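[1] Got a predicted structure here, sequence first:
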Amino acid sequence: MLARSTIAAALALPIIIGGALFAATRAGPDASAAQLSAAPARADPTPDALDSTVPVDTMLPTPEWPQLSVRARSQLAEVQAAVRSLDTPEKARAAGFRPVLGWIPTMGTHWVSEDRMRAGFQRDAPDHLMFSRVGDAQRLVGIAYAYWDAADAELPDAFEGTLDSWHEHPELAPEGQTLIMLHVWFAPSMDGPFAGHNPWLPYWAAKIDGPDPRWLRTSDDTVVARKAGLAIGEAVAPSGFAVLAERGGTLGEDADRARFTVRRLIPTLRAAREANDRTAWLQTARIAAASWDEIRTAYLTAALPYPEAHEQLSRFLGEMETGAHAVHGTNEHAGHGEHDGHD
C-alpha cells in the first residue's frame, strides 16, 4: 500500500503512456518515489522540434466561459489571480512545486505541491499547476486539485454551479480509497473550464492555432480534431519505447513513420488555419488522425505482454481521444464536446 505522503510515487503509477507507465509496472507497488521519479517520461516539447521561424503570440486569450454563472467566473478569476505569482516553472519550483509524469499532450505537465495536497482542498491554493509550451514559452495553462478520500465521499463545493465535475483515479490511491481530481483551465478549451483534458495544448506546442470551433460541425469532425492533436503531440514530443526495449519489446517503426508523416503535415495545417480554409484543414487533419491511429496501435501492441498496463493504457488513450474522465462516485465517464471558449 502506498503511503499518503508518497505523492510523487502515487502520481507516477501506471496510467501514463510511454516510459513512466512501464517503468512503474516494472518497479512494482513498493517502488520508492525516487525510483519512479527517475523513470523515463515524455519530455516537454522543445523549440528544436518546431519551426522556430514561425512567430506565435504567447498571450493566449482569456476564455469568457459563458456557460458559467457570474459568481463561478468570479471564483475562477480569483484562483487565477492567486497563482499569478507562480506563472513560470522557475517560480513554481521556488514555491515547492515539482513536475511529475512529464508532458501529457492533453494536460501539459503536472507540477505538484505535496504540502498543499496534504492540506486538502483550498480553492485559492491549488496543489497542481499545469504548464504547457505555447510557442517558445512554458505557460501556466491551468491548475488542478487532488486529494484522497473514500469513493462515496461528499465533494467540496469548488465553484458555483454543477459544471465542476470531479473525476477520480482509484488506481492512484491506497486500497479502499480513490484519488479525486478537478482540472481548471485558464486557456481556451473545447470541453469547457473543468474538463479533464484540453485537446488544444499539442496544437499550441507546435505553434498552430487549434481549429476554428465553427469548423467542427459533426461528431466526426470533432474526433478528427482531437486525434490530429494527439498526433501532433507525438510529432513534437515523442514518448518512445525505451523501457519496452529494455524488456525485449518492440520500438515500433510504424509509430516512427507515423510521427514523421505528422511532422510533414504541420506546416500544411498551420497554413490552412491561417488561410481560414476549413476544407484543406480537415483533409490534412484526417491524415494526421489516421497517423495517430497507427501510433495508438503501436503503443497497445507493445503493451500486450503486460495485461494490466495494457488495460490502463487503453483506457487512458481513450480518455485523451474523447476528453472523458471517470466521474467521481459513478461508473460513468463525463463526456465533453461543447465548442466553447476557443474563439
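    Received the coordinates, thanks.
[2] List the backbone torsions phi and psi for the residue most central in space within the chain.
    Centroid-nearest residue in the chain: residue 107, 1.9 Å away (criterion: C-alpha atoms, centre = their mean). The phi and psi values for residue 107, taken as degrees, to the nearest 10, are phi -130, psi -30.
[3] And it, what's its pLDDT?
    In this model, residue 107 is scored at 92, pLDDT.
[4] If you count residues, where's the longest strand of this structure?
    Longest strand in the chain by number of residues, with DSSP state E as the criterion: strand 137-149.
[5] so what strands line up beside that one?
    Using DSSP bridges, the strands paired with strand 137-149 are strand 128-134 (antiparallel), strand 178-185 (antiparallel).
[6] any idea which helix or strand comes after it?
    The helix or strand immediately downstream of strand 137-149 is strand 167-169, counting by DSSP states H and E.
[7] which helices and strands does that next one pack with?
    strand 178-185, strand 325-326 (3 or more C-beta pairs under 8 Å, 6 or more residues apart in numbering; DSSP states H and E). The C-beta positions use only the backbone N, C-alpha and C, and glycine is treated the same way.
[8] Give me the mean pLDDT for the shortest one.
    Along strand 325-326, the predicted confidence averages to a pLDDT of 60.
[9] Same check on stretch 113-130?
    Mean pLDDT, stretch 113-130: 94.
[10] Any idea how far apart the tips of it sit?
    12 Å (C-alpha to C-alpha, to the nearest Å).
[11] And for stretch 209-217?
    18 Å.
[12] Identify the bridge partners of residue 145.
    residue 182.
[13] was I right about it contacting residue 128?
    Yes. Using C-beta atoms under 8 Å, residue 145 makes contact with residue 128 at a distance of 6.9 Å.
[14] where does this protein have low pLDDT?
    1-59, 239-252, 325-343 (pLDDT under 70).
[15] now for the lengthiest helix in it, which elements pack on it?
    The residue-count maximum for a helix in the chain (DSSP state H) belongs to helix 278-303. Helix 278-303 sits against helix 219-236, helix 253-274, helix 307-322, with contacts defined as 3+ C-beta pairs under 8 Å, 6+ apart.
[16] Give me whichever of these is most buried.
    Most buried of these, by mean neighbour count (mean count of other C-beta atoms under 10 Å): helix 219-236, with a mean of 24.
[17] Distance from that helix to the middle of the chain?
    13 Å (C-alpha atoms, centre = their mean, to the nearest Å).
[18] Measure how it sits relative to strand 128-134, angle-wise.
    80 degrees (axes from the mean of the first three to the mean of the last three C-alpha atoms, to 10 degrees).
[19] So for the longest helix of the chain, what gets flagged as buried?
    Within helix 278-303, the residues that qualify as buried are 278, 281-282, 284-285, 287-292, 294-296, 298-299, 302-303, counting by 16 or more other C-beta atoms under 10 Å.
[20] Who are the contact partners of the residue nearest to the centre of the chain?
    Shown in contact with residue 107 (C-beta atoms under 8 Å, 6 or more residues apart in numbering): 130, 132, 183, 196-198, 201.
[21] can you name the two of those residues that are farthest apart?
    Greatest spacing in the contacts of residue 107, by C-beta to C-beta: 132 and 196 (14.6 Å).
[22] in the stretch 1-150 of the chain, which spans are strands?
    Here the stretch 1-150 of the chain has its strands, by DSSP state E, counting those that start in this stretch, at 98-104, 108-112, 128-134, 137-149.
[23] could you dump the ones you listed to CSV with mean neighbour count?
    Below are the strands of the stretch 1-150 of the chain laid out as CSV (neighbours: other C-beta atoms under 10 Å):
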stretch, mean neighbour count
strand 98-104, 21
strand 108-112, 24
strand 128-134, 25
strand 137-149, 21
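[24] will you turn those into JSON lines that also has distance to residue 229?
    As requested, those are exported to JSON lines (distance: least, C-beta to C-beta, whole Å):
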{"stretch": "strand 98-104", "distance to residue 229": "12"}
{"stretch": "strand 108-112", "distance to residue 229": "13"}
{"stretch": "strand 128-134", "distance to residue 229": "12"}
{"stretch": "strand 137-149", "distance to residue 229": "14"}
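[25] Between those strands, which one is closest to residue 255.
    Of all the strands of the stretch 1-150 of the chain, strand 98-104 comes closest under C-beta to C-beta, at 17.2 Å.
[26] Compute the inter-axis angle for that closest one and helix 307-322.
    Using the same axes, to 10 degrees: strand 98-104 against helix 307-322 is 70 degrees.
[27] Run the angle between strand 98-104 and strand 108-112 for me.
    170 degrees.
[28] Please save the CA atoms from strand 98-104 in PDB.
    Coordinates of each C-alpha in strand 98-104 appear next as PDB, following Å, rounded to 0.1, in the frame of the first residue of the first chain:
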ATOM      1  CA  ARG A  98       7.800  19.700  -8.600                       C
ATOM      2  CA  PRO A  99       7.000  18.300 -12.000                       C
ATOM      3  CA  VAL A 100       5.700  14.700 -12.300                       C
ATOM      4  CA  LEU A 101       4.900  12.400 -15.300                       C
ATOM      5  CA  GLY A 102       6.400  14.700 -17.900                       C
ATOM      6  CA  TRP A 103       4.300  16.400 -20.600                       C
ATOM      7  CA  ILE A 104       0.900  14.800 -21.400                       C
END
